[in-house]
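K.L.:
Got a sequence here, can you build the structure:
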Amino acid sequence: MKLSELAERIGGEVSGDPEIEITGVGGLEDASPGEITLLRDNKMLEAAVSSDASAFIIPGDLKGRVHKPCIVSENPMLSFVKALEVFNPPTPDVRGVMEGAVIEEDVTLGEGVTIYPSAYISKGAKIGNRVTIFPGVFVGEDVEIGDDSVIYAGVVIRERVIIGNRVIIHPNAVIGADGFGYIPEGGHHHKIPQIGRVRIGDDVEIGANTTIDRATTGETVVGAGTKIDNLVQIAHNVKIGKNCIIVAQVGIAGSTKIGDNVTLAGQVGVSDHAEIESGTVVGAMSGVMGKLSRGVYLGAPARPHREFLRLQGLFGKLPELFKEIKNLRDELNRLKAKTEKGGKDV
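P.N.:
Numbering: from 1, shown residues only. All right, here's what the predicted structure looks like:
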């Protein structure tokens with residue numbers, strides 16, 4: 001398509017020849033002639049000179065500084081993503097219920113579904129329109145899966161789980177396993193029945209090998225628009241708000257409440273019954289206990305960003321401070337010994 005047409009579809013204005021043909025999207029270093037690529041900032045200008053791309057998506061402050069036609073965008077990264085979508089649209093491949101899939105009784109199937117071999121759909125399940133379920137998926141009794149959702153190979157969705165519309169669940173995730181709850185009794189651990197369920201909102205994405213446990217009673221909830229990376233553990237009765245980002249290897253203990261638009265970076269640990277206010281950012285490998293008001297936090301236990309940096313600075317000075325304290329202690333002992341000897345030097 002012409003550069004001018006692409007600009008209309010992805011949001012931006014053309015600088016340079018609007019009639020050049022764009023055939024695809026590539027990276028700055030590997031783009032081929034005919035493709036468009038992204039220049040985020042002036043640090044990439046030098047690489048742009050040697051790029052084979054035919055056009056660039058740029059921010060406004062780079063207009064006039066690039067030697068090839070451009071689409072000038074207020075949000076270049078978003079425009080780049082839209083360009084990827086334009087040239088790589090999802091291709092519906094409706095195959096229906098394929099041979100080798102198991103569908104129990106009283107299952108409701110929407111229009112345009114695809115269920116691959118070795119998928120198992122238990123009785124009472126409701127599968128929405130245009131849902132795709134890949135091989136090896138287990139869907140438990142009375143599960144509901146909303147329209148346009150994609151469930152990749154090996155996913156387990158236990159009984160009574162509710163999945164919203166346009167949800168993507170990546171391979172080997174487990175939704176609705178029992179929460180980790182036991183009562184000590186006579187030197188043993190007595191299992192607490194986990195009779196609740198999990199509710200996943202619309203437009204949620206769940207990474208590979210992530211586990212989201214069912215509630216003891218009530219619901220474990222993931223709010224609409226939240227994106228969860230691979231290898232995340234979300235325990236029973238956790239409530240996660242809308243549009244959160246949960247990065248790989250985060251662990252969230254039971255009954256924690258997380259507001260909207262919260263970011264938990266990699267390997268953050270959240271203790272049980274914690275509360276994190278909306279808009280909060282917690283840095284990688286931090287430990288969260290109690291309640292966090294809106295802000296940016298780092299460390300274990302998690303501390304406000306500025307306080308954490310100040311403490312890290314002091315930590316680096318500890319060897320020097322220890323040496324000074326030791327010298328002061330030695331001097332104090334010397335003075336004390338001198339006093340005890342009647343003022344004579346010792």
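K.L.:
Give the rounded mean pLDDT of the longest helix seen in the chain.
P.N.:
The longest helix of the chain (DSSP state H) is helix 318-340. Mean pLDDT, computed over helix 318-340, is 85.
K.L.:
which sections of the stretch 51-200 of the chain are below the confidence cut-off?
P.N.:
91-92 (pLDDT under 70).
K.L.:
Now do the helices for it: every range, in order, please.
P.N.:
76-87 (DSSP state H, counting those that start in this stretch).
K.L.:
do the same with the stretch 201-346 of the chain
P.N.:
305-316, 318-340.
K.L.:
Would you format the ones you listed as CSV with distance to residue 264 and mean neighbour count included?
P.N.:
Heads up, the C-betas are built off the backbone N, CA and C, glycines and all. As requested, these are exported to CSV (distance: least, Cβ to Cβ, whole Å; neighbours: other Cβ atoms under 10 Å):
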stretch, distance to residue 264, mean neighbour count
helix 305-316, 15, 12
helix 318-340, 29, 10
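K.L.:
circling back to that earlier point, now the longest helix of the chain, how far from the centre of its chain.
P.N.:
What separates the centre of helix 318-340 from the centre of its chain is 52 Å, taken as Cα atoms, centre = their mean, to the nearest Å.
K.L.:
got the angle for it vs helix 305-316?
P.N.:
Put simply, helix 318-340 runs at 60 degrees to helix 305-316, going by axes from the mean of the first three to the mean of the last three Cα atoms, to 10 degrees.
K.L.:
Do I have it right that residue 144 meets residue 162?
P.N.:
Yes - counting by Cβ atoms under 8 Å, residue 144 touches residue 162, with 4.8 Å between them.
K.L.:
isn't residue 251 right next to residue 266, touching?
P.N.:
No - using Cβ under 8 Å, residue 251 is not in contact with residue 266; the gap is 11.1 Å.
K.L.:
Buried residues in stretch 283-291, which are they?
P.N.:
283, 286, 287, 288 (16 or more other Cβ atoms under 10 Å).
K.L.:
wait, I meant stretch 61-81
P.N.:
For stretch 61-81, a neighbour-count test (16+ other Cβ under 10 Å) marks 62, 66, 68, 69, 70, 71, 72, 73, 76, 79, 80 as buried.
K.L.:
Arrange those residues in TSV, one row each, with distance to residue 311 as further columns.
P.N.:
TSV is the format used below for the buried residues of stretch 61-81 (distance: Cβ to Cβ, whole Å):
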residue	distance to residue 311
62	40
66	45
68	49
69	51
70	46
71	46
72	44
73	41
76	37
79	41
80	39
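K.L.:
any idea which of these is closest to residue 314?
P.N.:
Closest approach between those and residue 314, by Cβ to Cβ: residue 76, at 40.5 Å.
K.L.:
Next up, the contacts around the closest one.
P.N.:
38, 39, 40, 57, 58, 59 (Cβ atoms under 8 Å, 6 or more residues apart in numbering).
K.L.:
check contacts around residue 103.
P.N.:
By Cβ under 8 Å, 6+ apart, residue 103 lies in contact with 97, 109, 115, 121.
K.L.:
Residue 133 now?
P.N.:
Neighbouring residues of residue 133 by Cβ under 8 Å, 6+ apart: 101, 113, 114, 115, 116, 119, 121, 127, 139, 145, 151.
K.L.:
just the buried members of the residues you listed?
P.N.:
Buried members of the contacts of residue 133, counted by 16+ other Cβ under 10 Å: 101, 113, 114, 115, 116, 119, 121, 127, 139, 145, 151.
K.L.:
and the residues you listed, which of them are in strands?
P.N.:
Residues of the buried ones among the contacts of residue 133 located in strands (DSSP state E): 114, 115, 121, 127, 139, 145, 151.
K.L.:
With distance to residue 243 as new columns, can those residues be given to me in a markdown table?
P.N.:
Shown next, in a markdown table, are those (distance: Cβ to Cβ, whole Å):
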| residue | distance to residue 243 |
| --- | --- |
| 114 | 29 |
| 115 | 30 |
| 121 | 30 |
| 127 | 26 |
| 139 | 27 |
| 145 | 21 |
| 151 | 22 |
